[in-house]
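A.B. asks: All I have is the shape, not the residue letters:
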């Protein structure tokens, strides 16, 4: 069988190696084309009008001054917007599309101006005078999030997640009789994804056919949502998205501006470009919701957990339920017979939250792993020792065996690399010069997902191969990894692979989320390559002139740009010779690869251990992260360079979450106060010390053909807790409310 | 519309008045070696928009539109003698008219003979790009660093690379691969920008336009780029409400984000002599258009405490554009330089139609953004007495994020003491009221007191009573009160430690 990566390690020239990005050249020269940069003829520009209140009704929109501005073509408001009359409820998010005059959150899109130039459009948008009948917004989850007074989960997804959870044994009795206990409330703030590339779309209609150049993590889901909103067949919509300047979950959904741009393009009968400003992204395109989490832990005197309870409440909008599944992985992190978890929401006058890098796991692990640190102190046990004593030999929730689980190895290798044995556990006991020194750690886990994916491979007479899959590359390295997989499977040098993605006319693939692109699309690319090769092998063994004539298909392997007998490396021939001799125009392989029933047989997850060092300036108590080591068991690492990069990026996301990121809302007005990069702080390079990542060599034959578990999200998981635990170790002060800022330590 | 006509008439009258001098109604700038004459609406665009929309050069990215992320970094080259000195700036907060007679190099102009340059090669090799959206800005900023390494051919240190990239945000990589790309850049291959774009030719070409001052207008907007202070003062006197856009690091943010739309604009960028810094009679004299980067370079040896504050003031891109005079006139109560200027008893020279007037720093501010500045006056020089050897100067900036952040609280303390006796102290706080404040009661209390911890604890309590902070996104009022009180203890401890270290 031709080049199966998991099985013939020696033949893998690219997979698992530190291969340079195939799109590196286009990115370092500025040549890569992002959504707003496609050159389209006769383009006009749209600018959004957003609400300046958080709750109320629009009574009037005076557009007269704006309309007089030269170049302004049309102004769409709730008073004149075309009615969208979908036959069914469109899939995706509940969108506010100028169909009524209600304002339900700050910076709601309430209109748009279309003009000849971007300058005129945005200037005109600023001249539209909006009158409101204002009502007082409710934006404080704390006012509603008492445990007695919870809004019960109503949405289907909410029910599913709650139902999927999690009750075993008798928590109440076990907690009551626990020898050592923790009962604390933790909270994480509203956070904004802030991908570098702003949301942008170009919408262009030709009759009933719509082309959208969008920045999206999901070309097929966008196509579906858009088609449903305009009541046209999906085949009439094409989404093009070759480069995406970061997404982190925010670009998984189709938000209102995409539909509005298409609406505008239809109205003016010209292609319309709409780019959101940074400030316009705080509200209508999702964010991580604030969570309030209560954790109760009980352990016996040996440090064995006897009871776990984890309740999460998150904020959501009034028009859509969004569940931040913070408790999702708590049930299987530690062996514990008695457990309850719950998920609840509070509806507020805010936009709808959305998935942000490790949704659920990131805030959930902050709470659980902080609580475990508190329990370790309560018990007088080393935090690693406590975790090892509670390591589950199999999935404690489902009872299934792990497909693979390197968590204990992660603790060991990470601790060694960090120098954990030199730690004096006593808070405030370690110093670096004048500064207080703190060392903390946390564990991390993230599920391994995979979805059905398709790919197509075309081997050309030139000996090159065109590999295609709808998919997306949001910076994670899809172009590169898929090229590696194809090159190895086809036995071609990577330079002869051209990989295309980011187009809904290409074979269908899942969205780029849940850390599953490598596993899902990679498996499909591999299978498509094998299918193409099989067809060539068939031709060769039927071809009397071929050295492979009448050879057994199973005995043939692809390598060095040809097909050869595995038993006799000289017997075989080049792909181009087979193609030429048989006068083939091209050889096409199409395949769909989908998960089987492996999830009924195994529990599949990535694991990690993170170690953090902070120094605290003794006068100003400013926490400074000085070192971080992460050890991860994440299956097969397909490309060491892109993988290390992504881990560093995720850890840095965790640093931001721990120390600075916080979307602030004015409690009275309900308006976001720091809707820019001046006041919404992301880590700058000086906030990020040299990070260290170790991958445990993990061979998991059960999860998918490539053996890859995905890494995009485990990289942030646990980081905030490791840092908070280090701050406690340094100062003796337990910060349970992120971010950890000077004023909280003071 | 009426106003527009009136102003148009006015401007031509002004042009006629200046008839002895030729004028041009367009901006001349060079982009990647090519001359561009920009007139009308385009001259008023942010450079990033001009590049992306007019020139279709989309390698320069727009992410924040306020100079916080560096994705739009380009190199701005100004003629200096017979060379062109290139410095990275943020193209999103730099309007085309500010770049008159400059040579701009963008990401599209950095290849060498059509091949990747040494920085680009290393960025590919070290996987310095993930999503790629911040990458062009990072490559440009890093190329500026390696431009300086061309002669020595020495590799860049981690500190140099991190400093050069303070103003460049990346949300994907965690920076490590980018820093490594810098460390592994092959300086042997580094090509000087002046070799890539031979200076002589551009300087000659710029020289042809140098004699003409640009007077550009579009609808009711007017831009004037004078060549002398007298021209500038004359223009400002005739046009009350002229906005001087120098570095633009504050004004352009207001224009992009808050809809500020000045109609009559002047830039002093081509006024010769105004960018000089020198020391005379123990006084540092800073010209009205000297940039913060020039100032930082100058005070590194002279006033290291001030250099430290300038280091965290902002990114290289901001400091290469922003000026000290701009920071003074912008009059933010949290401006990082003002507390220092207060305690050093600095003096501002204001040039107007009636000549030069001198005002002390701490009497220049009359209220929130209210200045003792006449409509025809321009801050042409700042005179800063150098700290005496016998005095102790300490400056503090507290911000949420240590680097690249707007201050929550700032403080400057200068103290004279003889052994254990405090002779005098001058204290100024920022971020505690609508203007930067001197603390006369605290200063009076300290004079003559023993130099002990108790003294400074008590002084802190008095200081707390002299301020009136508010709560905002950068911090609660209470937090600022605590800082105001405890910063004086920190000052005491730092003095003590230094003394102990010295004694050792």
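C.D. replies: Everything's here; your move. What you are looking at is a predicted structure, and each value in this text was computed from that prediction instead of being measured. Numbers count the residues shown, from 1 in each chain, chains lettered A, B, ... in the order given.
A.B. asks: for the stretch 51-200 of chain A, which spans come out with low pLDDT?
C.D. replies: Within the stretch 51-200 of chain A, the segments meeting pLDDT under 70 span A:145-165.
A.B. asks: Where does it get nearest to chain B, residue-wise?
C.D. replies: As assessed by CB to the nearest CB, chain B sits closest to residue A:196 within the stretch 51-200 of chain A, at 3.9 Å. From N, CA and C alone the C-beta is placed, and that goes for glycine too.
A.B. asks: how many other residues sit next to residue B:153?
C.D. replies: 11 (other CB atoms under 10 Å in any protein chain shown).
A.B. asks: How about the contacts made by residue A:463?
C.D. replies: A:492, A:496, A:561, A:574, A:575, A:576 (CB atoms under 8 Å, 6 or more residues apart in numbering or on different chains).
A.B. asks: Can you tell me the closest non-neighbouring residue to the residue in the stretch 201-350 of chain B that chain A sits nearest to?
C.D. replies: Closest approach between the stretch 201-350 of chain B and chain A, counting by CB to the nearest CB: residue B:259, at 5.3 Å. Distances taken as CB to CB, 6 or more residues apart in numbering or on different chains place residue A:126 nearest to residue B:259, at 5.3 Å, with adjacent residues excluded.
A.B. asks: and the one you found, how many neighbours does it have?
C.D. replies: Using other CB under 10 Å, residue A:126 has 13 other residues around it.
A.B. asks: Tell me if it really is in a helix.
C.D. replies: Yes. Applying DSSP: H, G, I helix; E, B strand; the rest coil, one finds residue A:126 inside a helix.
A.B. asks: ok, it to residue A:80 distance?
C.D. replies: 19 Å (CB to CB, to the nearest Å).
A.B. asks: who touches the closest residue to residue B:117 other than its chain neighbours in this structure?
C.D. replies: Spatial nearest neighbour of residue B:117, excluding adjacent residues (CB to CB, 6+ apart): residue B:110 at 5.6 Å. Residues near residue B:110 by CB under 8 Å, 6+ apart: A:29, B:117, B:119, B:120, B:139, B:140, B:143, B:196.
A.B. asks: out of those residues, which one sits closest to residue A:329?
C.D. replies: residue B:139 (39.2 Å; CB to CB).
A.B. asks: The closest one and residue B:123 touch, don't they?
C.D. replies: Yes. Contact criterion CB atoms under 8 Å: residue B:139 and residue B:123 qualify, at 6.1 Å.
A.B. asks: quick one: common contacting residues for the two?
C.D. replies: residue A:28.
A.B. asks: any low-confidence regions in the stretch 1-150 of chain B?
C.D. replies: Ranges of the stretch 1-150 of chain B meeting pLDDT under 70: B:1-22.
A.B. asks: in what helix or strand does the residue of it found nearest chain A lie?
C.D. replies: Residue nearest to chain A within the stretch 1-150 of chain B: residue B:59 (2.1 Å; CB to the nearest CB). Under the criterion DSSP states H and E, no helix or strand holds residue B:59.
A.B. asks: Please name the nearest non-neighbouring residue to it.
C.D. replies: residue A:30 (2.1 Å).
A.B. asks: who's in contact with the one you found?
C.D. replies: B:57, B:58, B:59, B:60, B:61, B:106, B:107, B:108, B:135, B:136, B:139.
A.B. asks: Let me see the contact set for the fifth one.
C.D. replies: Going by CB under 8 Å, 6+ apart, residue B:61 touches A:30, A:34, A:196, A:197, A:245, B:71, B:72, B:133, B:134, B:136, B:137.
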